[in-house]
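[1] sequence-free structure coming up:
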């Protein structure tokens, strides 16, 4: 690759939506029309290029984010096709963290569905410019205007059509472009590969003129020259309209809405044009922000291939042919095959043996990556998701990626002794790949526990163990991943004064433990530590050991050995001895103090709360609400949409095992639902008693 490459020609985008809105089908058409593939696969046939895992082919859903690169009208488009199921939200989170723009895909019949809201708000957190594509315009019940109304009602007030459909449902023929004022039709004999523009049909002219005037009136807010021309009723060129739309998108003030039917090969090429025209290049987004490793000083990282290399590892994948793949987004500089890099997160130096351009599960060796690229490295062994990679002369850390806590766990054990080692190795590999998958040992029973984001998540993990890793294992029934917290503020002392093997040990610490609210913690924090001690009481050289020990002690709560959260630990006093004090002594004393404090601070159990969204015909709404109430649920909202009702409610995770079967029974199989972890909340005292009795075997 050349250092003279024009970064304005690159688009790093994600395709995001609710499950079954058509993300993978749309991506498949994009790859076909850009010449990357020569035959389109279908999700329902299990042969879509981007759904390459066996589990994806069988279930017809996307499980892991897939990366590919294509070219459209001289623009390089790096695409990540993300999952739509909430159990795999980590795949969306880490993808959005490194992308510059996104395409939100919506079903023309269902409009904004529950997971659509989730991924849209994930993109909000990263300030990602977006365009919207209303898919499935050929489906019975398709309603373009209603879908846009739902987007404006639930997601943003800034969505506006830049296209109109030519017909809907069975009569959907093509799209009207409000910018060029042309009707675009797609040749079905060439599977939509050929498309052509014609005059707008007479019966659509009046509606088109109204829609175009509304569009121009809104765009005039972003461009003074366009405003002047609009008010004076002068001719406005296509170039001027495209420029104004681009400004609005990049400033997060405008979401252009397009439409089509990916399955019927209509509307995808204009979507590709919109990606080129409106979504940002690496030069159009704010520079990445890093901090210096030593002084924590903020640094702006410009997307310049001539400055030192920096990148973020956003995904780790264990490939049976090439080993560990490290997917990276390059923010500055360049990296070549054979170069050495520094993992600034761990301080370790590693060598890059291969640089790969990735197309779903296929790889192509390339020589070099530059600023703006998304690709994979082979060679480094100790890199994990969220690590910052640089050359030795770039001393900085990029912001890591935050992932939600796992909320469900099951016990797993090998069927034979021969399977034990293989199971341990396989679980470690899966844990490296998936930041929301956890492996732990039960403190009392010694059982191996695996934890994840939901029943489907763990079901996929177990299936992969059997098929990919040839591990035979017995699994238990799903269990809720509880947490603990404290309800009282206490002062706790801890001391470690003794002689061991002829050597003295001396450390005394005094801590203040205070319960705090979740919003008082920084993003990603479970607890916080504050040092208020006088250096004369405890020298600075012991402070780090005390902090680490205090936070580590929070992993083992007093009630059921669950992690304890939402606690502020303040070091307020202590004593040391110049001869016998050490980091080890202060670590032990701190652990004793924290455990003493937890015992005295009236700990309580917290249970995971799930936001559940149920979409059902009106006939079954009463019984569904009654069932949610019986499960200790709190109804949040009831909304009407297309002769159906959407019920959203907060329900404890422990009440939702087997909910799919229950809902099918209530609704005669006509209702659908999604679940999303929200937070942990304190359990009612009567529920806590039941949990503790079960844990203690009473």
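    Structure received. Note that this is a predicted model, so its numbers are computed, not measured.

[2] looking at the chain, which helix or strand is least sure?
    helix 54-59 (a mean of 51; mean pLDDT, DSSP states H and E).

[3] For the helix or strand following it, which strands pair with it and how are they oriented?
    Next helix or strand after helix 54-59 toward the C-terminus (DSSP states H and E): strand 66-72. Strand 66-72 pairs in its sheet with strand 75-81 (antiparallel), by DSSP bridges.

[4] now the helix or strand following the strand it pairs with and strand 75-81, what's the angle there?
    Using DSSP H and E, the helix or strand that directly follows strand 75-81 along the chain is helix 89-98. On the basis of axes from the mean of the first three to the mean of the last three C-alpha atoms, to 10 degrees, helix 89-98 is oriented at 160 degrees to strand 75-81.

[5] Tell me the gap between helix 89-98 and the middle of its chain.
    3 Å (C-alpha atoms, centre = their mean, to the nearest Å).

[6] got the buried residues for that helix?
    Neighbour counts over helix 89-98 (16 or more other C-beta atoms under 10 Å) mark 89-98 as buried. Any C-beta I mention is one placed from the backbone N, CA and C, and that applies to glycine too.

[7] again with stretch 175-187
    Residues of stretch 175-187 classed as buried by neighbour count (16+ other C-beta under 10 Å): 175-179, 183-186.

[8] Also stretch 151-160?
    Of all the residues in stretch 151-160, those buried under the rule 16+ other C-beta under 10 Å are 151-152, 155-156, 158-160.

[9] remind me which residues of this structure are low pLDDT?
    For the chain, the stretches with pLDDT under 70 are 1-4, 39-65, 84-88, 360-361, 443-445, 642, 696-698.

[10] okay if I get the buried residues of stretch 151-160 as TSV plus secondary structure?
    Listed next are the buried residues of stretch 151-160 as TSV, based on DSSP: H, G, I helix; E, B strand; the rest coil:
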residue	secondary structure
151	helix
152	helix
155	coil
156	coil
158	coil
159	strand
160	strand
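
[11] So which of the buried residues of stretch 175-187 are in strands?
    Here DSSP state E is the test, and these give 175-177, 183-186 as lying in strands.

[12] List just the nearest of the residues you listed to residue 323.
    Nearest to residue 323 out of these is residue 186 (C-beta to C-beta; 43.0 Å).

[13] name the element residue 597 belongs to?
    Take DSSP H and E as the rule and residue 597 turns out to sit in helix 583-600.

[14] which parts of stretch 115-132 are buried?
    Residues of stretch 115-132 classed as buried by neighbour count (16+ other C-beta under 10 Å): 115-120, 122-123, 128-132.

[15] Out of the ones in strands among the buried residues of stretch 175-187, the closest to residue 32 would be?
    Among these, residue 186 lies closest to residue 32 (C-beta to C-beta), at 12.5 Å.

[16] Report the beta-bridge partner residues of that closest one.
    Legend: beta-bridge partners of residue 186 under DSSP bridges are residue 195.

[17] Might one say that it is in contact with residue 172?
    No - using C-beta atoms under 8 Å, residue 186 is not in contact with residue 172; the gap is 10.6 Å.

[18] Quickly list what's touching both of the two.
    Listed as contacting both residue 186 and residue 172 by C-beta atoms under 8 Å, 6 or more residues apart in numbering are residue 266.

[19] if we can go back for a sec, tell me which of the buried residues of stretch 151-160 is nearest to residue 448?
    residue 155 (41.4 Å).

[20] Can you measure across stretch 151-161, start residue to end residue?
    The straight-line separation of the ends of stretch 151-161 (C-alpha to C-alpha, to the nearest Å) is 11 Å.

[21] again, but for stretch 551-558
    End-to-end distance for stretch 551-558: 15 Å, by C-alpha to C-alpha.

[22] Other residues contacting that stretch?
    Stretch 551-558 has contacts (C-beta under 8 Å, 6+ apart) with 443, 483-484, 526-527, 529, 563-565, 567, 569, 590-591, 594-595, 598-599, 603.

[23] what comes up buried for that stretch?
    By neighbour count on 16+ other C-beta under 10 Å, the buried set for stretch 551-558 is 551, 553-554, 556-558.

[24] Show me how far that stretch is from its chain's centre.
    With C-alpha atoms, centre = their mean as the basis, stretch 551-558 stands 27 Å off its chain's centre.
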